[in-house]
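# What would the 3D arrangement of this be:
(chains A and B)
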Amino acid sequence: DTGVSQNPRHKITKRGQNVTFRCDPISEHNRLYWYRQTLGQGPEFLTYFQNEAQLEKSRLLSDRFSAERPKGSFSTLEIQRTEQGDSAMYLCASSIWGTDKTVEQYFGPGTRLTVT
Amino acid sequence: AQSVTQLDSQVPVFEEAPVELRCNYSSSVSVYLFWYVQYPNQGLQLLLKYLSGSTLVKGINGFEAEFNKSQTSFHLRKPSVHISDTAEYFCAVSVRGGSEKLVFGKGTKLTVNP
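Take a look at the predicted model:
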């Protein structure tokens, strides 16, 4: 069990560019969540997957955002045409659904995005 | 919809003193309750969780929390804090069943001074 990993840890991009983040969950965790955390705030839910199916998306996830989990393992979060308001920490978490540990989400270290 | 209110944005305390971080929540359905800790530039680590049963929950690093259904509160306590407890603490809820996505409060910055 190596924990949830996220890459890159930091990303600086210019407004209008596209960026992609990757999350590798704990192996055999079938649920994967994305959250966004802005300065001075708690994390906010963006979307989640159960295996490869994306089951819920927040209204925060505008059409410039897209997330995938193609084989039910790692996930990517892409932001197109970045805006300064997208600057935030993007957190990934994973959990096992269907056991008594369903509710426990394990978080990765996050990817800090800065849009200049 | 669920919401979480952390009543104190910052709590300064001296080393070895007791501390209480307050959390109130709002929900029309049953929820699970959590406290997470976040150290600078790191992800979140689960301190403790309340799912059901005993209302007093013990977690890691000597922390405990008490669920009070009538007051819709889940306050976090530690009888004696250390410098290393300096961090941001987040209270969160999730609805039983469904996505179980977490709804977080805005956080409380705990600063332990020597």
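# Quick one: residues contacting residue 69.
You didn't pick a chain, so chain A it is. Taking C-beta atoms under 8 Å, 6 or more residues apart in numbering or on different chains, we find A:R69 in contact with A:32, A:49, A:51-52, A:54, A:75-76. No exception for glycine: its C-beta is placed from N, CA and C like everyone else's.
# wait, I meant chain B there
Counted by C-beta under 8 Å, 6+ apart, B:K69 has contacts B:T55.
# Residues of chain B that sit close to chain A?
B:4, B:32, B:36, B:41-46, B:49, B:51, B:90, B:92, B:94, B:99-107 (C-beta under 8 Å from any C-beta of the partner chain).
# what about the residue of chain A found nearest chain B, helix or strand, and which?
Closest residue of chain A to chain B, C-beta to the nearest C-beta: A:G42 (3.2 Å). Assigned by DSSP states H and E, A:G42 belongs to neither a helix nor a strand.
# gap between the residue nearest to B:P40 when sequence neighbours are not counted and chain A?
If the residues on either side of it in the chain are set aside, B:P40 comes closest to B:A87, at 7.8 Å by C-beta to C-beta, 6 or more residues apart in numbering or on different chains. B:A87 sits 14 Å away from chain A, going by C-beta to the nearest C-beta, to the nearest Å.
# wait, isn't B:A87 in contact with B:Q38?
Yes - contact status for B:A87 versus B:Q38: in contact at 6.2 Å, counting by C-beta atoms under 8 Å.
# where does residue 99 land on pLDDT?
All of this is about chain A. A:T99 carries a pLDDT value of 65.
# Chain B was what I was after
At B:S99, pLDDT is 84.
# Make sure it is indeed in a strand.
No - when classified by DSSP: H, G, I helix; E, B strand; the rest coil, B:S99 is found to be coil rather than part of a strand.
# need the contact list for the closest residue to chain A within chain B.
Nearest to chain A in chain B, going by C-beta to the nearest C-beta, is B:F104, at a distance of 3.2 Å. Contacts for B:F104 (C-beta under 8 Å, 6+ apart) come out as A:42-44, B:4, B:36, B:90-92.
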